[in-house]
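Peer 1: Sequence first, then the predicted structure:
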Amino acid sequence: MDDQTELKSLLDQIADQQLQIALVFEKILGQMEAPQPEGLAKTLEKLLAPLVQSAEEIKTNLGI
């Protein structure tokens with residue numbers, strides 16, 4: 001894969017992550033309006049875990 005193709009791929013991954021972050025915050029706002037049986041910390045942890053994993057994969061791909 002040449003540098004330009006790799007950069008486009010990484011930018012696509014970042015755009016996907018931005019969408020995922022927006023969706024997570026939308027869920028958080030929805031949860032804040034509803035009762036919190038398991039607590040906000042656990043809810044945030046469950047919602048953000050996939051984003052953290054994806055961010056780690058992007059860092060690995062960039063060699064950071």
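Peer 2: Nice, thanks for sending it over. Residues are numbered from 1 along each chain as shown.
Peer 1: so where is this structure shaky, pLDDT-wise?
Peer 2: 1, 31-38, 64 (pLDDT under 70).
Peer 1: Which stretches in it count as helices?
Peer 2: 3-33, 40-62 (DSSP state H).
Peer 1: contacting residues around the residue most central in space within the chain?
Peer 2: Closest to where the C-alpha atoms of the chain average out (CA atoms, centre = their mean) is residue 51, at 2.7 Å. Under the criterion of CB atoms under 8 Å, 6 or more residues apart in numbering, the neighbours of residue 51 are 17, 20-21, 24. For the C-beta atoms, the positions are set from N, CA and C on the backbone; glycine is no exception.
Peer 1: Let me know the closest of those to residue 57.
Peer 2: When the contacts of residue 51 are ranked by distance to residue 57 (CB to CB), residue 17 comes first, at 10.0 Å.
Peer 1: thinking that closest one is in contact with residue 53, fair?
Peer 2: No - Residue 17 is beyond contact range of residue 53, at 10.7 Å (criterion: CB atoms under 8 Å).
Peer 1: With neighbour numbers in mind, choose between these two.
Peer 2: The neighbour count for residue 17 versus residue 53, taken as other CB atoms under 10 Å, is higher for residue 17 (16 against 9).
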